[in-house]
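Chemist: fold the following for me, if possible:
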Amino acid sequence: MIELETTIESAEGAMGTYLVRPDGDGPWPVVLFLMDAPGKRPLLHSMAERVASNGYYVMLPNLYYRVTDSFQLDFSSSGSLARMKELMFKVGNNMAARDASSLLDYADADPAADADVVGCVGYCMSGPFALTVAAVHADRVRAAASIYGTRLLVDAKDSPHRRLGEIKGEIYVACAEHDDYVPPPMVDQFEAAMREAGVTGRLERYPGTHHGFAFDDRPAYDAEADERHWSALLDLFDRNLKGMDR
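Modeler: Model (predicted):
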């Protein structure tokens, strides 16, 4: 595996980004791996590496770069939790779509990356970001996944459900059964919005799980559900980003 910590310049600042891809020349399909609210950290690096090991050029940016060069939540600190809440409300769907533009510009210039074939995945805070990126960059994004994404359907102009009809790729939306951040009515309404928009993809509910089930640094971690989400995610990417129909 080839790993690199680099800085990608955007119009809004210097975005620290972890890049990882297989050995060899490629080019490899690009996957944008968008961080959750606790920040760009070793756990997400290892998850990005797992994606890359399946034949992808993975880009994991610090989405808080407009405010800070780095942040990792200390789960034992109330001050760190307060800082996370402050930071997470300073980034939104449209910002993430602009950041994706900068990431893809960088990938365009790297011969190891095939930036015309793109996947995107987001967790928690970044679940709606991934879906927005799929809409804004519909000409490139072939597959996008939201894993217990928050704010999927809200009363806002940039709510992801309003842009489902713009998405050309396939989407996968995984939801925990018990989730105070994404209550069942929101899940039901978003699924209905998917049907109405005619978007390709599916929404799955994970029985018995809670928000954060795919992160082993969370009390809600569920090993069985985690592996189920990996199977679905990699299948989504492999079907849409690889093969002769690319």
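Chemist: and the helix or strand that contains residue 131, what other elements does it pack with?
Modeler: Assigned by DSSP states H and E, residue 131 belongs to helix 127-136. Contacts defined by 3 or more CB pairs under 8 Å, 6 or more residues apart in numbering; DSSP states H and E place helix 127-136 against strand 28-34, helix 93-108, strand 113-123, strand 141-147, strand 170-178. Yep, even glycine has a C-beta here, placed from its N, CA and C like the rest.
Chemist: quick one: buried residues of it?
Modeler: For helix 127-136, the neighbour count (16 or more other CB atoms under 10 Å) marks 127, 128, 129, 130, 131, 132, 133, 134, 135, 136 as buried.
Chemist: report the distance from that helix to the chain centre.
Modeler: Mean-position distance between helix 127-136 and its chain equals 8 Å (CA atoms, centre = their mean, to the nearest Å).
Chemist: relative to strand 113-123, how tilted is that helix?
Modeler: Helix 127-136 runs at 140 degrees relative to strand 113-123, counting by axes from the mean of the first three to the mean of the last three CA atoms, to 10 degrees.
Chemist: CA atoms only: put helix 127-136 into CSV for me.
Modeler: Taking Å, rounded to 0.1, in the frame of the first residue of the first chain, the C-alpha atoms of helix 127-136 are listed here in CSV:
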residue,chain,number,x,y,z
GLY,A,127,-23.6,10.8,5.6
PRO,A,128,-25.6,13.7,4.0
PHE,A,129,-22.3,15.1,2.7
ALA,A,130,-21.7,12.0,0.7
LEU,A,131,-25.2,12.1,-0.9
THR,A,132,-24.8,15.8,-1.7
VAL,A,133,-21.4,15.1,-3.3
ALA,A,134,-23.1,12.5,-5.4
ALA,A,135,-25.7,15.0,-6.6
VAL,A,136,-23.3,17.9,-7.3
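Chemist: list the contacts of the residue most central in space within the chain.
Modeler: Geometric centre of the chain, nearest residue: residue 122, 1.9 Å, by CA atoms, centre = their mean. Residue 122 makes contacts with 34, 36, 128, 129, 130, 131, 145, 146, 147, 149, as judged by CB atoms under 8 Å, 6 or more residues apart in numbering.
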